[in-house]
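**Student:** Turn this into a model:
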Amino acid sequence: MILGGASLYGLIAAFLSRKEASETFVTQAQLRRVMAVFVPTLLFCLAMQFLGLYVASFLMIAGFMRLVGKIALWKSLLTAFVFTAVMFVTFDIAFDVIMPKGPLEAAFGR
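**Tutor:** This is a model prediction of the structure:
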């Protein structure tokens, strides 16, 4: 609610000031960087519905590290695997929280 209120305040303040922008709001390079995060995050949300949280997280982490961070493939895959395994142990085993697992759950007979 606080974030929504702050956003509404910002929109109203911008509308009431009615100043003409003297410079570009966002450059093409800035928009490209934002889209480099937004598009994979959107794809992660969509993939999670079909692949489950853990497989989608693995793919997103490995993809971000490899494509955006230009990190070596083996480091990307290892980091994604370790993070996903820690996430599984934390949520599924330690806290016993039901997370969307997609077809992976059926493959393991759960």
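**Student:** And the residue nearest the centre of this protein?
**Tutor:** Central residue of the chain (Cα atoms, centre = their mean): T41, 3.7 Å from the mean position.
**Student:** Any figure for the gap between A107 and T27?
**Tutor:** 46 Å (Cβ to Cβ, to the nearest Å). Using the backbone N, CA and C atoms, a C-beta is placed for each residue, glycine as well.
**Student:** Show me what counts as buried in the longest helix seen in the chain.
**Tutor:** The single longest helix within the chain, with elements called by DSSP state H, is helix 28-51. Neighbour counts over helix 28-51 (16 or more other Cβ atoms under 10 Å) mark P40, F44, A47, M48, L51 as buried.
**Student:** Likewise for stretch 84-92?
**Tutor:** T84, M87, F88, D92.
**Student:** Closest one to F64 out of those residues, please.
**Tutor:** The closest of those to F64 turns out to be T84 (Cβ to Cβ; 13.1 Å).
**Student:** Tell me if I'm right that the closest one and A62 touch.
**Tutor:** No - applying Cβ atoms under 8 Å as the test, T84 and A62 come out as separate, 9.3 Å apart.
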